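Participant: The amino acid sequence is not available; the structure is as follows:
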């Protein structure tokens, strides 16, 4: 390990360098978010428990510990089935009726305790990983406008589009709590498709034009309004929460057993054949014990292995250090055509298109 990089030996006269510190673990979301979705489903007269159980999620875990983590891929199934059961494509807006700052746990309280919305937004970006580590959030400033963009890296899919809509809508709800009920962004766009009826419903909620099927998911604000002083700000409380959140985030990845397993897979995937038995042996435990620990983190060994292959494939194709044939061979595919099919399934495009 050198400055956060793992340097691999020469493979067919080429040295491969991979930054392991940037390799994501299995994305999760906080338990309070699952409870908010469950309460929203229940408002339609539908029992949410069977829907969560169908996705192999137990709401009691979140009730016992609001800081519990739920795998995003399983939550994506819950969202899908919830929309089907409620027959409401605007389910994400229903969540705003029951949303409280504490839904985001400590970051939500810190945000609403900020001196102004811009400071709260900065905390939102800094601590977003505490709520969920599935997305990338960035801000872009141009003149007197500030845009908040949300994107999901290919290796973190599937992520429900409704979850992205709900995050955007609840963020506005939080900002309205800090300013007033009339606060609205300048514009809102989503990269996924919507429809005229959905666009109209979202425009009514956001108080501005909402477009679907755009190049990016983005909320644009008037920057000067974001600087309006928050009358009920509590900077001392916000600073105290900052310390707690930072400590929590520093422990977050290290505490997950699944992270350790995936790290070993990523460090060795390219140069040896890995299976559950060999990895468990390296961890000095039985395969059954390893699988039991992984289950507690909401993931299986096979899923970690598949995720690692996907992430490594995307990274190596983007870096263009190796030919596609070499990448396919290193990742254990029978031939390049098999690799091409898998890659298109992951990203929606062929390796050549992704690299161009």
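Facilitator: That came in fine, so what should we check first? What you are looking at is a predicted structure, and each value in this text was computed from that prediction instead of being measured. Numbering: from 1, shown residues only.
Participant: What segments of this protein are strands?
Facilitator: 5-7, 17-19, 28-30, 69-71, 136-142, 145-151, 187-189, 209-211, 217-222 (DSSP state E).
Participant: mind showing which ranges of the stretch 101-250 of the chain have poor pLDDT?
Facilitator: Within the stretch 101-250 of the chain, the ranges that satisfy pLDDT under 70 run 249-250.
Participant: Okay, and the beta partners of the closest residue to residue 168 other than its chain neighbours?
Facilitator: Take residue 168 and drop its neighbours on the chain: the residue closest to it by Cβ to Cβ, 6 or more residues apart in numbering is residue 219, 6.0 Å away. To be clear about C-beta, it is placed using only N, CA and C from the backbone, and glycine gets the same treatment. Note on residue 219: beta-bridge partners residue 148, residue 188, judged by DSSP bridges.
Participant: list the contacts for residue 213?
Facilitator: Contacts for residue 213 (Cβ atoms under 8 Å, 6 or more residues apart in numbering) come out as 190-194.
Participant: Residue 110 now?
Facilitator: Residue 110 makes contacts with 123, 127, 237-238, 241-242, 245, as judged by Cβ under 8 Å, 6+ apart.
Participant: Columns distance to residue 155 and neighbour count on top of the residues you listed, output as a markdown table?
Facilitator: Formatted as a markdown table, the contacts of residue 110 follow (distance: Cβ to Cβ, whole Å; neighbours: other Cβ atoms under 10 Å):
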| residue | distance to residue 155 | neighbour count |
| --- | --- | --- |
| 123 | 26 | 22 |
| 127 | 22 | 22 |
| 237 | 36 | 14 |
| 238 | 33 | 19 |
| 241 | 31 | 21 |
| 242 | 29 | 17 |
| 245 | 25 | 20 |
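Participant: count of residues packed around the residue nearest to residue 168?
Facilitator: 25 (other Cβ atoms under 10 Å).
Participant: and if you look at residue 84?
Facilitator: For residue 84, the neighbour count with other Cβ under 10 Å is 10.
Participant: what do you get for residue 273?
Facilitator: 8.
Participant: State the pLDDT value of the closest residue to it other than its chain neighbours.
Facilitator: Leaving out its chain neighbours, the residue that sits closest to residue 273 by Cβ to Cβ, 6+ apart is residue 332, at 6.9 Å. Residue 332 is assigned 82 on the pLDDT scale.
Participant: Please tell me I have it right and residue 332 contacts residue 275.
Facilitator: No: using Cβ atoms under 8 Å, residue 332 is not in contact with residue 275; the gap is 10.9 Å.
Participant: My read is that residue 81 contacts residue 52, right?
Facilitator: No: look at residue 81 against residue 52 with Cβ under 8 Å: they stay out of range, at 9.2 Å.
Participant: Give me the more crowded residue out of those two.
Facilitator: Higher neighbour count among residue 81 and residue 52: residue 52, with 26 against 17, using other Cβ under 10 Å.
Participant: quick one: the more buried one and residue 35 touch, right?
Facilitator: No: using Cβ under 8 Å, residue 52 makes no contact with residue 35, being 10.2 Å away.
Participant: Which one, of the strands of the chain, ends up nearest to residue 268?
Facilitator: strand 5-7 (10.0 Å; Cβ to Cβ).
Participant: Could I get the average pLDDT for the closest one?
Facilitator: What strand 5-7 shows for mean pLDDT is 40.
Participant: Disregarding residues adjacent in the polypeptide, which is nearest to residue 242?
Facilitator: With Cβ to Cβ, 6+ apart as the criterion, residue 242 has its nearest non-adjacent residue at 6.3 Å, and that residue is residue 110.
Participant: measure that neighbour to residue 238 for me?
Facilitator: 5 Å (Cβ to Cβ, to the nearest Å).
Participant: Overlap of the contact sets of these two?
Facilitator: Common neighbours of residue 110 and residue 238 (Cβ under 8 Å, 6+ apart) are residue 123.
Participant: ok, how many other residues are close to residue 206?
Facilitator: 18.
Participant: wait, I meant residue 116
Facilitator: 17.
Participant: Same question for residue 291.
Facilitator: Residues within reach of residue 291, counting by other Cβ under 10 Å, total 15.
Participant: Report the contact partners of it.
Facilitator: With Cβ under 8 Å, 6+ apart, residue 291 has these contacts: 276, 300-301.
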